[in-house]
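S.K.: Here is my input; please provide its structure:
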Amino acid sequence: MADFVGAIDQGTTSTRFMIFDHSGSEVAKHQLEHEQVLPQAGWVEHNPVEIWERTSAVIQTALGKARLQPSDLAAIGITNQRETTVVWDRNTGRPYYNAIVWQDTRTDRIASKLERDGKGDTIRQRAGLPPAPYFSGGKIQWILENVDGVREAAERGDAIFGNTDTWLMWHLTGGTDGGLHLTDVTNASRTMLMDLETLAWDDELLSFFDIPRQMLPEIRSSSETYGHTRANGPAGGEVALTGILGDQQAATVGQVCFAPGEAKNTYGTGNFMLINTGTEIVRSKAGLLTTPAYKFGDADCVYALEGSIAVTGSAVQWLRDQLGIISGASQSESLARQVEDNGGVYFVPAFSGLFAPYWRSDARGAIVGLSRFNTNAHLARATLEAICYQSRDVTEAMEKDSGVKLEVLKVDGGVTANELCMQIQADVLGVPVSRPVVAETTALGAAYAAGLAVGFWKDTDELRRNWNEDKRWEPTWSEEQRSEGFGQWKKAVERTLDWVDVD
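M.R.: Now for the predicted structure:
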């Protein structure tokens, strides 16, 4: 058998291709950013053609760096930014509109109307999600209603939908020449259109958004043989495509959270905490999402509770790109270390409203507690604290819903390189924070799903043996410090609410 597995990690700000060996160690990777298109306040788009071109380039470059041939790869898995919506013409491959990104808030009126019309509870019960601009269903509806000719094309069967996993799978397997139009249960669950129990598209949910069923991809498991890359494609030969997982579910697999009660927190553009609930569907009463964690082949689906936070790492990017007070993300740590605390400043980065556990699309970002004493270092510190306080909001909701008290938090993603932020996280939560040796667990999870399907790894026990801790942070704050800080954070959150009028 080939010695390596590849993983496409198509994220919100960049796309990377990573190659792993049997121990789960990184062999090679290449990463390219893509443009963030911001047509107006609250709108966030990507160019799907640019994403496909970047994907092709990173696969070719990573293979070249490692001096590997396609035959050296046992399989390739795909993980992706979820909810980001692409609608394209199956005959030409041309997108009808830019991809509407998960952060985009233009569909807040669609979500509010669903709630007013009494459809919200049906969506929560059947799809495990609240009506929110975050999810794909409203984005598809917006394109159908606002882009000329798309509804007619959809009715004819020409206009098809996919999150970015589906867009890439279609291209990798031939595009207009027989490309496969499919997705997995984890991505399908992020649309507000899939029934959590049957793992199938639901006609009543489709009717809420007036979406033709023929637009939708076939739903498959997260780990099976879907097809093969084309010989003339970016991989340079035929390689089995055998894994698909939405990015946060992929990180859950990469962190080997295979037992009920095991949790992880991924720090990227946003933060996403998932706790495994086993084969049981746990309905959240505390503002979390109920979602498939993974489904390996014919085995039963394993579910999770998820807390989704819209803006964490992207708040650091905002300091860099919009305010210009740092030149790179790593500088946020050195700047924040210039002060001992936040100087009374709290920053709630509700740029796209607030996600879990609040689900308030009327909220907007606020910096509160400012005095003449404060400096850019206090703002940098408050930005790191915002990442950690938002994670505590989700942790508390998770403990209420699951009845499980968090004992240690497994963390991954780019922000975990910021050691001050991870120390603050341990202090805010009052539990140890543990980072694995392989921090890129999203790509690793996609590789694991792909490798399991072809026998590259035998079972999840073998994957567990690959996991090793790199660093652990222990809490240092007193309970009084922790309680006071969280209380002030809650006051700051209140100041962000009711800022935007939502019909």
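
S.K.: For Q248, which non-adjacent residue is closest in space?
M.R.: Here the nearest residue to Q248 in space, its sequence neighbours aside, is F272; by C-beta to C-beta, 6 or more residues apart in numbering that works out to 4.0 Å. C-beta here means a position set from N, CA and C on the backbone, and glycine is covered the same way.

S.K.: which residues does the one you found bridge with?
M.R.: Beta-bridge partners for F272, by DSSP bridges, are T266, S308.

S.K.: quick one: contacts for it?
M.R.: By C-beta atoms under 8 Å, 6 or more residues apart in numbering, the contact set of F272 is 247-248, 251, 265-266, 306-309.

S.K.: measure it to D148 for me?
M.R.: Taken as C-beta to C-beta, to the nearest Å, the spacing of F272 relative to D148 amounts to 35 Å.

S.K.: Quick one: classify G451 as helix, strand or coil.
M.R.: Secondary structure of G451, reduced to three states by DSSP: H, G, I helix; E, B strand; the rest coil: helix.

S.K.: can I assume it is in contact with A75?
M.R.: Yes: distance between G451 and A75: 6.1 Å, which falls inside the contact criterion (C-beta atoms under 8 Å).

S.K.: joint contacts of these two?
M.R.: Residues within reach of G451 and of A75 at once, by C-beta under 8 Å, 6+ apart, are 5, 242-243.

S.K.: need the contacts of F272 in CSV with distance to T15, can you?
M.R.: Compiled in CSV, these are given as follows (distance: C-beta to C-beta, whole Å):
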residue, distance to T15
D247, 12
Q248, 17
A251, 16
N265, 23
T266, 17
E306, 23
G307, 25
S308, 21
I309, 22
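
S.K.: from those residues, which two are the most distant?
M.R.: D247 and G307 (14.7 Å; C-beta to C-beta).

S.K.: now the helices: where do they sit in the stretch 151-300 of the chain?
M.R.: For the stretch 151-300 of the chain, applying DSSP state H, counting those that start in this stretch gives helices covering 164-172, 185-188, 203-209, 247-254.

S.K.: Report the buried residues of the third one.
M.R.: Right, helix 203-209. By neighbour count on 16 or more other C-beta atoms under 10 Å, the buried set for helix 203-209 is 205-206, 208-209.

S.K.: report the longest helix in this structure, please.
M.R.: When secondary structure is assigned using DSSP state H, the longest helix within the chain turns out to be helix 376-402.

S.K.: Not counting the helix or strand that that helix is followed by itself, show me its contacts.
M.R.: Toward the C-terminus, helix 376-402 is succeeded by strand 409-412 as the next helix or strand (DSSP states H and E). Counting contacts by C-beta under 8 Å, 6+ apart, the residues outside strand 409-412 that touch it are 251, 254-255, 257, 262-267, 395, 422, 425, 429, 431-436, 439-442.

S.K.: So which residues of the stretch 401-503 of the chain form helices?
M.R.: Under DSSP H, counting those that start in this stretch, the stretch 401-503 of the chain gives helices at 419-429, 441-453, 460-466, 479-496.

S.K.: Pull up the gap between the spatially closest residue to G174 that is not a sequence neighbour and I78, please.
M.R.: Nearest-residue entry for G174: R230, 5.5 Å, with adjacent residues in sequence omitted and distances by C-beta to C-beta, 6+ apart. Per C-beta to C-beta, R230 is found 15 Å from I78.

S.K.: Columns mean pLDDT on top of the helices of the stretch 151-300 of the chain, output as CSV?
M.R.: Rendered in CSV, the data for those read as follows (pLDDT from 0 to 100):
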stretch, mean pLDDT
helix 164-172, 98
helix 185-188, 98
helix 203-209, 97
helix 247-254, 94
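
S.K.: The host helix or strand of L335 - contacts with which helices or strands?
M.R.: Assignment of secondary structure by DSSP H and E places L335 within helix 331-336. Applying 3 or more C-beta pairs under 8 Å, 6 or more residues apart in numbering; DSSP states H and E, one finds that helix 331-336 contacts helix 376-402, helix 419-429.

S.K.: which of the residues in stretch 309-322 are buried?
M.R.: Buried residues in stretch 309-322, counted by 16+ other C-beta under 10 Å: 309-319.

S.K.: just stretch 285-302 next, same as before
M.R.: When burial is assessed from 16+ other C-beta under 10 Å, stretch 285-302 yields the following buried residues: 286-296, 301-302.

S.K.: Return the alpha-carbon coordinates of that stretch using PDB.
M.R.: Listed next in PDB are the C-alpha coordinates belonging to stretch 285-302 (Å, rounded to 0.1, in the frame of the first residue of the first chain):
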ATOM      1  CA  LYS A 285     -31.700  23.900  25.600                       C
ATOM      2  CA  ALA A 286     -28.800  26.300  26.100                       C
ATOM      3  CA  GLY A 287     -28.100  27.700  22.600                       C
ATOM      4  CA  LEU A 288     -25.900  25.100  21.100                       C
ATOM      5  CA  LEU A 289     -26.200  23.200  17.800                       C
ATOM      6  CA  THR A 290     -26.900  19.500  17.500                       C
ATOM      7  CA  THR A 291     -24.900  18.100  14.700                       C
ATOM      8  CA  PRO A 292     -23.300  14.900  13.300                       C
ATOM      9  CA  ALA A 293     -19.700  14.600  14.500                       C
ATOM     10  CA  TYR A 294     -18.900  11.900  11.900                       C
ATOM     11  CA  LYS A 295     -20.300   8.800  10.200                       C
ATOM     12  CA  PHE A 296     -17.600   6.200   9.200                       C
ATOM     13  CA  GLY A 297     -18.900   4.000   6.400                       C
ATOM     14  CA  ASP A 298     -21.900   1.800   7.400                       C
ATOM     15  CA  ALA A 299     -21.400   2.400  11.200                       C
ATOM     16  CA  ASP A 300     -24.000   4.400  13.100                       C
ATOM     17  CA  CYS A 301     -23.700   8.200  13.000                       C
ATOM     18  CA  VAL A 302     -22.000   9.800  16.000                       C
END
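
S.K.: any idea of the mean pLDDT for that stretch?
M.R.: Regarding stretch 285-302, the rounded mean pLDDT is 94.

S.K.: that older thread, pLDDT score for the residue nearest to Q248?
M.R.: F272 is assigned a pLDDT of 89 by the prediction.

S.K.: Quickly note the distance from it to V394.
M.R.: With distances defined as C-beta to C-beta, the gap from F272 to V394 amounts to 9 Å.

S.K.: Pull up the overlap in contacts between these two.
M.R.: When contacts are counted by C-beta under 8 Å, 6+ apart, F272 and V394 have 307, 309 as shared neighbours.

S.K.: which neighbours does the helix or strand harbouring A7 have in its sheet, and in what orientation?
M.R.: For A7, the element it lies in under DSSP H and E is strand 4-10. In its sheet, strand 4-10 lies beside strand 14-20 (antiparallel), strand 73-80 (parallel), with partners assigned from DSSP bridges.

S.K.: Quick check, R82 in contact with G246.
M.R.: Yes: counting by C-beta under 8 Å, G246 is a contact partner of R82 at 4.1 Å.

S.K.: Find residues that contact each of these two.
M.R.: Taking C-beta under 8 Å, 6+ apart as the contact rule, the neighbours common to R82 and G246 are 163, 186-187, 190.

S.K.: what's the closest of those to T416?
M.R.: Closest approach to T416 among the shared contacts of R82 and G246 (C-beta to C-beta): T186, at 22.3 Å.

S.K.: for the closest one, what are its contacts?
M.R.: With contacts defined as C-beta under 8 Å, 6+ apart, T186 is in contact with 82, 222, 244-246, 249, 291-295.

S.K.: So which of these is the closest to E152?
M.R.: Nearest to E152 out of these is R82 (C-beta to C-beta; 28.2 Å).
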